[in-house]
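My questions concern the predicted model and sequence given below.
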Amino acid sequence: MLSRQLTDTVLMIRPLHFGFNEQTAGSNKFQQAAAENEYRSIADKARSEFDAMVEALRSHGLKVIVFEDRDSPVLPDAVFPNNWISTHEGGIAFTYPMYAPIRRLERRDDILQFLASHYKLQKRYSLEALEPLGQYLEGTGSMVLDRLNRIAYACLSPRTDVQALHKFSLLSGMEMLPFHAFDATNTPIYHTNVLMALGWDFVVCCIDAVAPSERETLLQQFENTEKELIPIDLDQMCAFAGNMLELRTPNDQRVIVLSDTAYHSLTSFQRQRLKSRSHLLPVSIPTIEKCGGGSARCMIAEIFLLPA
């Protein structure tokens, strides 16, 4: 049963031209611009952080498929593949409509061909056809999926459109649960996985960010699906504490991947609640977090396909 929610195989993209993305900065308040003369050192640091993270995952028995970013086009956010692809039981892959034009170039047919040749990939749903309509849905950034209970949680924003979410719901058979969430400045939170992470039997969530009129709906759904709520506050959310991902090793040991920033923001009680269920695996990715505005979960695209 663990395998229905957690996977032991992930896809990651090793960054080449990593850096600040002006096209996404307007909706992602986590990004911080760097000086132009720092570009090369930032890209080098991002690769070092990426390589260390991959090694940490593999040292815990997790299977990591690594693709190198391409030399052209220049893609500062290629390290975040979970926004353009997701895979699902039954041999299904979704590719997604992206808000920023430059990010649409991250979708790669060679990666889909690799998956088709090594796994039982039977059907691809290409939601990028919604881009001309201005309907965006950025994968498992826009949605936090309860695969076991067939629920797609999604906070609506310029990058998460309710009509695109509805189309995903129809094609995937998942119930959609849209809501609204805001940071301390009342700015819509751009991705659901900023404030929420859902594991086998728990959910980490910044309930304080959710619109007050919608909080009870989420809390009731967590209770109905037997997910213990581990609440985080707005400051912890801004330290990427909501951007973690639970995986499982081939022998069904549970592992929560999160950044050092997120780990150190948690209280001892919160850590203990998580450790009582799963092994915590912090990874050091400060450059990727600061310049890219994404954290550990954003760097991981889960593979739920069966080997060919």
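Yep, it's here.

Looking at this protein, which helix is longest?
Residue-count comparison of every helix in the chain, with assignments taken from DSSP state H, identifies helix 39-59 as the longest.

other SSEs contacting it?
The helices and strands touching helix 39-59, judged by 3 or more C-beta pairs under 8 Å, 6 or more residues apart in numbering; DSSP states H and E, are strand 9-14, strand 63-68, strand 279-283, helix 286-292. In short, each C-beta sits where N, CA and C put it, glycine included.

okay, those, which one's buried deepest?
Among the helices and strands packed on helix 39-59, judged by mean count of other C-beta atoms under 10 Å, the one packed with the most neighbours on average is helix 286-292 (a mean of 22).

what's the nearest residue to Asp146 if we skip its chain neighbours?
Counting by C-beta to C-beta, 6 or more residues apart in numbering, Asp146 lies nearest to Leu198, which is 5.7 Å off, once chain neighbours are set aside.

Could you measure from the one you found over to Asp77?
Noted for Leu198: a distance of 23 Å to Asp77, by C-beta to C-beta, to the nearest Å.

So for those two, which sits in the more crowded spot?
The residue with more neighbours, out of Leu198 and Asp77 and counting by other C-beta atoms under 10 Å, is Asp77; that gives 30 against 26.

Show the contacting residues for the more buried one.
Phe18, Asn21, Thr24, Asn83, Ala100, Ile102, Arg103, Glu106, Gly292, Gly294 (C-beta atoms under 8 Å, 6 or more residues apart in numbering).

which one of the residues you listed is nearest Arg271?
Gly294 (22.2 Å; C-beta to C-beta).

quick check, that closest one in a helix?
No. The assignment for Gly294, made by DSSP: H, G, I helix; E, B strand; the rest coil, is coil rather than a helix.

roughly how far apart are it and Ala52?
Using C-beta to C-beta, one obtains 17 Å as the distance from Gly294 to Ala52.

Please say which of those two ends up with more neighbours.
Of the pair Gly294 and Ala52, Gly294 is the one with more neighbours under other C-beta under 10 Å, namely 27 against 13.

I'd assumed Ile300 was in contact with the more buried one.
No. Using C-beta atoms under 8 Å, Gly294 is not in contact with Ile300; the gap is 10.5 Å.

about what we covered before: is the residue nearest to Asp146 bridged to anything, and to what?
Applying DSSP bridges to Leu198 yields these beta-bridge partners: Val203.

my read: it touches Leu145, true?
Yes. Distance between Leu198 and Leu145: 7.5 Å, which falls inside the contact criterion (C-beta under 8 Å).

So for those two, which residues contact both of them?
With C-beta under 8 Å, 6+ apart as the test, Leu198 and Leu145 both reach Tyr153.

about what we covered before: looking at the contacts of Asp77, which is nearest Ile42?
Of all the contacts of Asp77, the one sitting nearest Ile42 is Phe18; the distance, using C-beta to C-beta, is 6.7 Å.

Tell me who's in contact with the closest one.
Phe18 makes contact with Ile42, Ala43, Ala46, Arg47, Pro76, Asp77, Ala78, Val79, Thr287, Ile288, Cys291, Gly292, according to C-beta under 8 Å, 6+ apart.
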